[in-house]
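In: mind folding the following:
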Amino acid sequence: MRREEEEKNWTGDPVIAEEMRQQSSRAREEWLLRLEREEKKEEERWRQEKLKRASAARIQRLRSCQRQVPGPVPRPVPVPDPVPRPVPVPRPVPVPRPVPDPVPGVLVDAPGPVLIDGTWRLSRFSMRRLPLTFK
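Out: Now for the predicted structure:
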């Protein structure tokens, strides 16, 4: 309560009250100037954005126009007539015949296990059945 009375007395002083009024008016002016500057910056930013959009749209329009400009008409390439293909003649399918053993009777005579050896010769695989030499 005492503090409130002191504040009333302090603001009641005409000199102090005038100073406070001047300070508040100065602060208000500074605030208004700052607000105005921010608004100008925002307007400038909007204007720049608008210019950028307009120029981008214009460039896009020009590009689409450039794409639609008819160029030299390509001459039609003559398509060759399809060559008739001969009808394939069915070939007789060879009947598989049993191949005789290269060494007849080895498997019958060989006591115990048998080694099988194979090699590629003239694009064919030939196999030899060899009896084990050890007993």
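In: and stretch 41-54, what's its mean pLDDT?
Out: For stretch 41-54, mean pLDDT is 96.
In: quick one: the strands in this structure?
Out: 114-121, 124-131 (DSSP state E).
In: mind checking the longest helix of this structure?
Out: Secondary structure of the chain per DSSP state H: the longest helix is helix 14-68.
In: check which helices and strands that helix is in contact with.
Out: helix 2-12 (3 or more Cβ pairs under 8 Å, 6 or more residues apart in numbering; DSSP states H and E). Bear in mind the C-beta positions are built from the backbone N, C-alpha and C, glycine included.
In: so how many other residues sit close to Arg21?
Out: 10 (other Cβ atoms under 10 Å).
In: state the distance from it to Asp13.
Out: Remark: distance between Arg21 and Asp13 (Cβ to Cβ, to the nearest Å) = 12 Å.
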